[in-house]
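S.K.: my questions are about this predicted structure, shown below with the sequence.
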There are 2 protein chains.
Amino acid sequence: MSEITIKDVARICGVGVSTVSRALNNHPDINPETRDKILSVIKENNYIPNNSARNLKRQDAKAIAVLVKGIDNSFFNEMIKDMEAECKKKKYSLVLHHVGFMEDQVDAALELVKEKRLRGIVFLGGYFENNEKKLEQLHVPFVLSTAGAVPTSYSRNLYSSVCVDDEKESYKMTDYLIRQGHHNIAIIYEKGMTESISMLRLRGYQRALSDHGIPVREELMLATRPDIKDFSLENGYAVTKDFLQKKIECTAIYAISDIMAIGAGKALAEEGLRVPEDMSLAGFDGVNIGGYVNPSLTTIKQPGEKIAQETMKLLFDMILKKAECQHKIFDGELVVRGSTRCI
Amino acid sequence: MSEITIKDVARICGVGVSTVSRALNNHPDINPETRDKILSVIKENNYIPNNSARNLKRQDAKAIAVLVKGIDNSFFNEMIKDMEAECKKKKYSLVLHHVGFMEDQVDAALELVKEKRLRGIVFLGGYFENNEKKLEQLHVPFVLSTAGAVPTSYSRNLYSSVCVDDEKESYKMTDYLIRQGHHNIAIIYEKGMTESISMLRLRGYQRALSDHGIPVREELMLATRPDIKDFSLENGYAVTKDFLQKKIECTAIYAISDIMAIGAGKALAEEGLRVPEDMSLAGFDGVNIGGYVNPSLTTIKQPGEKIAQETMKLLFDMILKKAECQHKIFDGELVVRGSTRCI
């Protein structure tokens, strides 16, 4: 089970170590047959030359952690794959750490950075209120990715961020629904800290209604259930089930995540309501699956791949001291599909 | 930005380091007010005591890697979360490594184990033909999880595995469809090595047909497109689109993954075919979302959480030398939902 060394290769081939090394480095001063024999032995035995071994040892000390808040989030899963691809290019390993619902992600980060190998941190999602002091103590570069829920009071030099403007994009969706003739629009959101992504999206919804002179009605603002995991299919389903029992006048449901919208869709189907004939349905994020459910889901598409790549670029630039704290905001895109209609 | 040390705490409190340490260890021999003051300073400054820092330093050297084959797989994403939860309990970090479509995951593993911190490896998915020699060189414990595509010629003491019996479970699904009156059942599978999960599931399908005296027809075996990522929504969609153009008699489509089945569902909808009235649709895996698409998807539910937990238990037992190579097979469950009907 132990690995083969350059000495073993030399022994098997009946040559000296220096000859093996010449073969490895395509040194001209070596008999072609000998070289071919050595290379085939190396191949057969899957010998990994020392120099690459050395590189990998150096790698040893290089890792970045991605702290994910929001367990059931396909949007994040798609981004993690993109981030990991960027890490591979840079020969860093990606340590994945899911932050529990009740767990504070900055506390989790402060523990993780005790790991000397850790060169940087990505916070994926989550919110950062009452955390300014702790963030100051994070002595490795970090980027808040699609978190964008940082109190405006925090110094912009304290952190870097890459995200969309959640309030603006949510306004865009609500404005679109209103222009389709919908005035009774229910929103499924997660009650959270003032600056959480969910509350920002709720604010965009409220502002759009007000700008159109439509009253914001308490009974149409559906908070997710705290007893069910956040941003989940299950939560979108349960909230919509409860709502439909109340028979409140409503022509469109807008969930602040695609996954919750898909959950809501199941509740609508169970109640015999057709989408979009009886109820328009919209989400947010632009996860892949939203284009495949039936009917396909109208949504705000976040440029997840771009955000992931920019997050990693920024993080690595900071690790290499090539960049100071920066804040990038990408535009989302309103993607109109079969789940919404004009009434 | 630098972290506060026990010395700083002592200085701030105007006491000696030993007093701080007594406070930390709830030593009786300390004035209560002093203790409270020290603890409050520690809290305010978010000081992490050395002993936990020491533990975390030890952690430093402890990580396991999860090598994932099959990029777009919700089933794997759900399992990774479960595995990561088990790692956290054991104070290991989980290094995530996606293995590219053309990349050999054992080569990837052999490179990764150069990382001295790596104590074990989980192979999630993938296939292991022509890899016996390389697997022998993996000098850390490893478990093949839901891979189960190992040539029977390999020594059972070479590797551990946790999975379902893919051929048997696929037989179960096909047998169910046949008993619902379906004789023209198309299968969407990935053409791969003889022992790949996909080919095992194909074999179960073929065997069920034969056992029922139904001829296995070439034109109903739909191989995924090599130019589209494997096991993806896109592939299930594309393959079904092509198939429907051919107007081949068929009453049920069975995709060997839920995600591909959902992709197929979109193609059916676009062709104006209703599920299950015009076409029954079935998948495999039992991913969460399958219960939320409309109609909800009939599938073989793999006990993903159990498999993930057993995989980690086995891996950690092997790391701690408490276990030899083992092979665990779990039963899948036929979950009948709205997407299939009796004809």
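M.R.: Great, that's in hand.
S.K.: how about the residues of the stretch 151-300 of chain A near chain B?
M.R.: A:233, A:237, A:262-263, A:265-266, A:269, A:288-289, A:291-296 (C-beta under 8 Å from any C-beta of the partner chain). For every residue, glycine as well, the C-beta is placed using N, CA and C.
S.K.: who wins on neighbours among those residues?
M.R.: In terms of neighbours by other C-beta atoms under 10 Å in any protein chain shown, these top out with residue A:263 at 31 neighbours.
S.K.: right, and that residue touches residue A:229 too?
M.R.: No: with contact defined as C-beta atoms under 8 Å, residue A:263 does not count as touching residue A:229 (11.2 Å).
S.K.: out of the residues of the stretch 151-300 of chain A next to chain B, what pair is the most spread apart?
M.R.: Maximum pairwise distance among those (C-beta to C-beta): 21.1 Å, between A:269 and A:288.
S.K.: on that earlier part again, between residue A:263 and residue A:229, what contacts are shared?
M.R.: Shared contacts of residue A:263 and residue A:229 (C-beta atoms under 8 Å, 6 or more residues apart in numbering or on different chains): residue A:235.
S.K.: tell me where the stretch 101-250 of chain A has strands.
M.R.: Using DSSP state E, counting those that start in this stretch, the strands of the stretch 101-250 of chain A run over residues A:118-124, A:142-145, A:160-164, A:185-189, A:221-223.
S.K.: relative to the last one, what are the paired strands and their orientations?
M.R.: In the sheet, strand A:221-223 lines up against strand A:185-189 (parallel) (DSSP bridges).
S.K.: now the second one
M.R.: Taking DSSP bridges as the criterion, strand A:142-145 pairs within the sheet with strand A:118-124 (parallel), strand A:160-164 (parallel).
S.K.: distance between that strand and the chain's centre?
M.R.: From the chain centre to the centre of strand A:142-145 is a distance of 11 Å (C-alpha atoms, centre = their mean, to the nearest Å).
S.K.: mean confidence for it?
M.R.: Strand A:142-145 shows a mean pLDDT of 94.
S.K.: in chain A, which helix or strand is least confident?
M.R.: Within chain A, no helix or strand scores below helix A:50-59, which has a mean of 41 by mean pLDDT, DSSP states H and E.
S.K.: how about the helix or strand just after that helix as CSV, C-alpha atoms only?
M.R.: Scanning forward in sequence from helix A:50-59 by DSSP states H and E, the next helix or strand is strand A:63-69. Provided in CSV are the C-alpha atoms of strand A:63-69 (Å, rounded to 0.1, in the frame of the first residue of the first chain):
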residue,chain,number,x,y,z
ALA,A,63,-6.8,26.3,2.1
ILE,A,64,-9.8,28.6,2.1
ALA,A,65,-13.0,28.0,3.9
VAL,A,66,-16.5,28.5,2.6
LEU,A,67,-19.0,29.1,5.4
VAL,A,68,-22.5,28.4,4.1
LYS,A,69,-25.6,29.7,5.9
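S.K.: just the helices in chain A please.
M.R.: For chain A, applying DSSP state H gives helices covering A:6-13, A:17-24, A:32-44, A:50-59, A:74-89, A:105-112, A:132-137, A:166-179, A:197-211, A:233-245, A:258-270, A:304-319.
S.K.: determine which stretch of these is the most buried.
M.R.: Highest mean neighbour count among the helices of chain A (mean count of other C-beta atoms under 10 Å in any protein chain shown): helix A:258-270, with a mean of 25.
S.K.: other SSEs contacting it?
M.R.: Where contact means 3 or more C-beta pairs under 8 Å, 6 or more residues apart in numbering or on different chains; DSSP states H and E, helix A:258-270 is packed against helix A:74-89, strand A:185-189, helix A:233-245, strand A:252-255, strand A:280-282.
S.K.: show me what the longest one is packed against.
M.R.: Taking 3+ C-beta pairs under 8 Å, 6+ apart as contact, the helices and strands that helix A:74-89 lies on are strand A:63-69, strand A:93-99, strand A:118-124, helix A:258-270, helix A:304-319, helix B:74-89, strand B:93-99.
S.K.: go again with 7 Å.
M.R.: Here helix A:74-89 touches strand A:63-69, strand A:93-99, strand A:118-124, helix A:304-319, strand B:93-99, going by 3 or more C-beta pairs under 7 Å, 6 or more residues apart in numbering or on different chains; DSSP states H and E.
S.K.: any residues touching that helix, and which ones?
M.R.: Helix A:74-89 has contacts (C-beta atoms under 7 Å, 6 or more residues apart in numbering or on different chains) with A:64, A:66, A:68, A:70, A:93-94, A:96, A:122, A:124-125, A:259, A:285, A:287-289, A:302, A:304-305, A:307-309, A:311-312, B:71, B:77, B:96, B:98.
S.K.: where does chain A have low pLDDT?
M.R.: Counting by pLDDT under 70, chain A has low-confidence residues at A:1-3, A:25-28, A:43, A:46-61, A:70-72, A:100-102, A:115-116, A:148-149.
S.K.: quick one, domains of it?
M.R.: Following automatic domain parsing, chain A resolves into domains at A:6-49, A:63-165+A:304-331, A:166-302.
S.K.: now distance to residue B:155 too, for these, in a markdown table please.
M.R.: A markdown table is the format used below for the domains of chain A (distance: least, C-beta to C-beta, whole Å):
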| stretch | distance to residue B:155 |
| --- | --- |
| domain A:6-49 | 18 |
| domain A:63-165+A:304-331 | 30 |
| domain A:166-302 | 40 |
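S.K.: enumerate every residue touching residue A:209.
M.R.: Neighbour list for residue A:209: A:174, A:216 [criterion: C-beta under 7 Å, 6+ apart].
S.K.: rerun that using 10 Å as the cut-off
M.R.: A:171, A:174-175, A:177-178, A:183, A:185, A:187, A:215-217, A:220 (C-beta atoms under 10 Å, 6 or more residues apart in numbering or on different chains).
S.K.: just give the number of residues close to the closest residue to residue A:273 other than its chain neighbours.
M.R.: Excluding the flanking residues, the one nearest residue A:273 by C-beta to C-beta, 6 or more residues apart in numbering or on different chains is residue A:279, at 5.0 Å. Residue A:279 has 23 neighbouring residues, counting by other C-beta under 10 Å.
S.K.: now residue A:279: how far from chain B?
M.R.: Going from residue A:279 to chain B by C-beta to the nearest C-beta, to the nearest Å gives 13 Å.
S.K.: do the same with residue A:307
M.R.: Distance from residue A:307 to chain B, by C-beta to the nearest C-beta: 18 Å.
S.K.: returning to that earlier point: out of the strands paired with strand A:142-145, which gets nearest to residue B:254?
M.R.: strand A:118-124 (35.5 Å).
S.K.: let me know the angle separating the closest one from strand A:63-69.
M.R.: 20 degrees (axes from the mean of the first three to the mean of the last three C-alpha atoms, to 10 degrees).
S.K.: and strand A:118-124 with strand B:93-99, angle?
M.R.: For strand A:118-124 against strand B:93-99, the angle by the same axes, to 10 degrees is 80 degrees.
S.K.: who's in contact with residue A:310?
M.R.: Residue A:310 neighbours (C-beta under 10 Å, 6+ apart): A:86, A:143, A:145, A:162-163, A:303, A:326, A:328, A:330.
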